[in-house]
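>>> need the 3D shape of this:
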Amino acid sequence: MPEVRGSREAAKALAGIHDEARPYLAGPRRVVQIRSRALVVTHQGANVVHRGDDGAWRYEVLHLWT
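Next up, the predicted model:
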């Protein structure tokens, strides 16, 4: 996956990950959480997520190993 910057580019890049042919399941190996942010390390990459006021977790940074 190429490096992308900004929410529009990220949305376009992530759209291909979440299709039926190539589902993405994090399968966390390690999670470090501090308040409403967490670092999730997986076999496929590392993610930073944020819990919103509604309680849902959302990606802030998604980095997949190549």
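>>> pLDDT weak spots in this protein?
Residue ranges of the chain with pLDDT under 70: 1-4, 10, 13-26, 66.
>>> can you pull out the helices in the protein?
7-15 (DSSP state H).
>>> and the strands in it, which stretches?
Taking DSSP state E as the test, the strands found in the chain are 28-34, 37-42, 45-51, 57-64.
>>> so which of those gets nearest K12?
Nearest to K12, of all those, is strand 57-64, at 12.8 Å by C-beta to C-beta. To be clear about C-beta, it is placed using only N, CA and C from the backbone, and glycine gets the same treatment.
>>> and that closest one, which strands flank it?
strand 45-51 (antiparallel) (DSSP bridges).
>>> contacts for the partner strand next, please.
Identification of contacts with strand 45-51 by C-beta atoms under 8 Å, 6 or more residues apart in numbering yields 26, 36-40, 57-65.
>>> before we move on, back to that, among the strands of the chain, which is nearest E9?
Nearest of the strands of the chain to E9, taken as C-beta to C-beta: strand 57-64 at 11.8 Å.
>>> who does W57 form a beta bridge with?
Beta-bridge partners, per DSSP bridges, of W57: R51.
>>> hang on, it packs against A38?
Yes. Assessed by C-beta atoms under 8 Å, W57 is found in contact with A38 at 7.5 Å.
>>> related to what we said a few turns ago, among the contacts of strand 45-51, which two are most distant?
Spanning the widest gap among the contacts of strand 45-51 are S36 and W65, at 25.8 Å by C-beta to C-beta.
>>> more neighbours: which of the two?
Higher neighbour count among S36 and W65: S36, with 12 against 9, using other C-beta atoms under 10 Å.
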